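Engineer: I would like the atomic coordinates for the input below:
(one chain, ligands or ions: 1)
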Amino acid sequence: MRYLTFVLAKGRLADQTLAMFENIGIHCEEMKDKHSRKLIFANEELGFRFFLAKATDVPTYVEYGAADIGVVGKDTIMEEGRRLYEVLDLGIGRCRMCVCGPESAREYLQHHELIRVATKYPAIAKDYFYNKKQQTVEIIKLNGSIELAPIVGLSEVIVDIVETGSTLRENGLAVLEEICPLSARMVVNQVSMKRENERISTIIRELKTFLQARQEVNQ
Ligand code: PRP
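Structural biologist: As a prediction, the model looks like this:
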């Protein structure tokens, strides 16, 4: 049997995904060993392989077929714009993509002024301002601690992920506009979806059933 290969975005999301997969009988004991330096883990019995990658690389592995299935945030999927199928919302890692800044920047947005927007997500920011809002802006790419930008005067606003909102609050910033809700999604390589249709469809169906049952319990 050919291995079905999964790539998971490193970190909390991977832990939550593995915990969810256990509910449908997909286990990978080896992967739980936090001290291991191994990069790839197999469950011979099930014919599954797993590896972890930096979130932004997950869609790349899946597009090229180095992994059949990936789990990654909607933010990364939107930003990377890779050719793949997004098949399931796993409902974990829920947060929002927002335009944030000091309250004083609200009027720049209302008046569609030519402002500077700092972000780790230039494609998402560009799509939002140019296509949805029809506002011309200057987009400045940063790689982290985006909230610093309006504080030190690099930009008027930022486009960033807001989860609890505490980073914003602690830095005197606020959500000015919401772009979209985010959560972890399962993505599938387009060729794998055909070649391994039976196995992949079974995983999707079982996860859907699990998610529905969990939702009913929580209602
Ligand atoms: C993310 C995001 C915000 C923060 C939001 O940053 O970019 O800074 O989390 O979370 P909160 O609303 O719960 O405060 P992350 O910690 O991933 O690191 P980064 O700043 O390097 O992007």
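Engineer: And Ala53, how far from the ligand?
Structural biologist: 16 Å (CB to the nearest ligand atom, to the nearest Å). C-beta coordinates here come from the backbone N, C-alpha and C atoms, glycine included.
Engineer: Could you find the closest non-adjacent residue to that residue?
Structural biologist: Val7 (5.3 Å; CB to CB, 6 or more residues apart in numbering).
Engineer: now the one you found, which residues is it bridged with?
Structural biologist: Val7 has these beta-bridge partners by DSSP bridges: Phe51, Gly70.
Engineer: How many residues are close by it?
Structural biologist: 26 (other CB atoms under 10 Å).
Engineer: OK, contacts around it?
Structural biologist: Applying CB atoms under 8 Å, 6 or more residues apart in numbering to Val7 gives the contacts 50-53, 58, 61-62, 66-67, 69-71.
Engineer: just those residues now: which is nearest the ligand?
Structural biologist: Val58 (15.3 Å; CB to the nearest ligand atom).
Engineer: Now do the same for that closest one: its pLDDT.
Structural biologist: With respect to pLDDT, Val58 has a value of 98.
Engineer: Between all of the contacts of Val7, which two are separated the most?
Structural biologist: Ala66 and Val71 (14.7 Å; CB to CB).
Engineer: Give me the more crowded residue out of those two.
Structural biologist: Using other CB under 10 Å as the criterion, Ala66 and Val71 rank with Val71 on top: 27 against 15.
Engineer: Do me a favour and average the pLDDT over stretch 140-159.
Structural biologist: On average, stretch 140-159 scores 98.
Engineer: Give me the contact status of that stretch with the ligand.
Structural biologist: Yes - residues of stretch 140-159 contacting the ligand under CB under 6 Å from any ligand atom: 144-147.
Engineer: top of those by neighbour count?
Structural biologist: That'd be Ile146 among the residues of stretch 140-159 next to the ligand, by other CB under 10 Å, with 21 neighbours.
Engineer: Could you pull up the contacting residues of it?
Structural biologist: 118-120, 158, 160.
Engineer: and which of these is nearest the ligand?
Structural biologist: Nearest member of those to the ligand, counting by CB to the nearest ligand atom, is Asp160, at 4.7 Å.
Engineer: surely that closest one meets Val117?
Structural biologist: No - in this structure, Asp160 is not within contact of Val117 by CB atoms under 8 Å, at 10.1 Å.
Engineer: Which one of those two is surrounded by more residues?
Structural biologist: Comparing Asp160 with Val117 by other CB under 10 Å, the one with more neighbours is Asp160, at 28 against 25.
Engineer: residues in contact with that one?
Structural biologist: 97-98, 100, 119-121, 146-147.
Engineer: Can you say which helix or strand has it in it?
Structural biologist: strand 157-162 (DSSP states H and E).
Engineer: which helix of the chain spans the most residues?
Structural biologist: helix 197-218 (DSSP state H).
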